[in-house]
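>>> take this sequence and fold it.
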Amino acid sequence: MSPRRAVRLRISGRVQGVWFRGWTCQQAIARGLAGWVRNRRDGTVEAILSGDEAAVEEMIATLREGPRLAYVSAVEVEDSAEAVGASFKALPTE
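Prediction:
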């Protein structure tokens, strides 16, 4: 089992109105990750991912592709110490 890791991501591009949050929830849950995802008023999507380091890295790579209708131009990643609980969910826009 690899170590645990938590990251905060900011995803830019055509990432709102293309089911990005719902898709992100499905992908994160399938990998056993905890955290959340939300749209930002500036048009980006923000997420916190927490879990097995290998699963977090795989999820970051998946987010760089996005769902079928999305276009991801950038994914900013920084380590996070935010407590997120044990599940993954979509949050309201902030």
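>>> so which helix or strand takes in the nearest residue to G66 once chain neighbours are set aside?
Using Cβ to Cβ, 6 or more residues apart in numbering and skipping the chain neighbours, the partner closest in space to G66 is V72 (4.4 Å). In short, each C-beta sits where N, CA and C put it, glycine included. Under the assignment given by DSSP states H and E, the secondary-structure element containing V72 is strand 71-79.
>>> what's the answer for A54, then?
Using DSSP H and E, the secondary-structure element containing A54 is helix 53-65.
>>> pLDDT score for A83?
As predicted, A83 sits at a pLDDT of 86.
>>> which residues touch V77?
With contact taken as Cβ atoms under 8 Å, 6 or more residues apart in numbering, V77 is in contact with V7, R8, L9, I60.
>>> T24 against A47, yeah?
Yes - with contact taken as Cβ atoms under 8 Å, T24 and A47 are classed as touching, separated by 6.3 Å.
>>> common neighbours of these two, please.
Residues touching both T24 and A47 (Cβ under 8 Å, 6+ apart) are V37, L63.
>>> picking up where we left off before, and the residue nearest to G66, how many neighbours?
Residues contacting V72 under the criterion other Cβ atoms under 10 Å number 17.
>>> from P67, how far out is V18?
6 Å (Cβ to Cβ, to the nearest Å).
>>> which pLDDT value goes with the nearest residue to G85 once chain neighbours are set aside?
Take G85 and drop its neighbours on the chain: the residue closest to it by Cβ to Cβ, 6+ apart is A34, 6.0 Å away. Reading off the confidence values, A34 has pLDDT 97.
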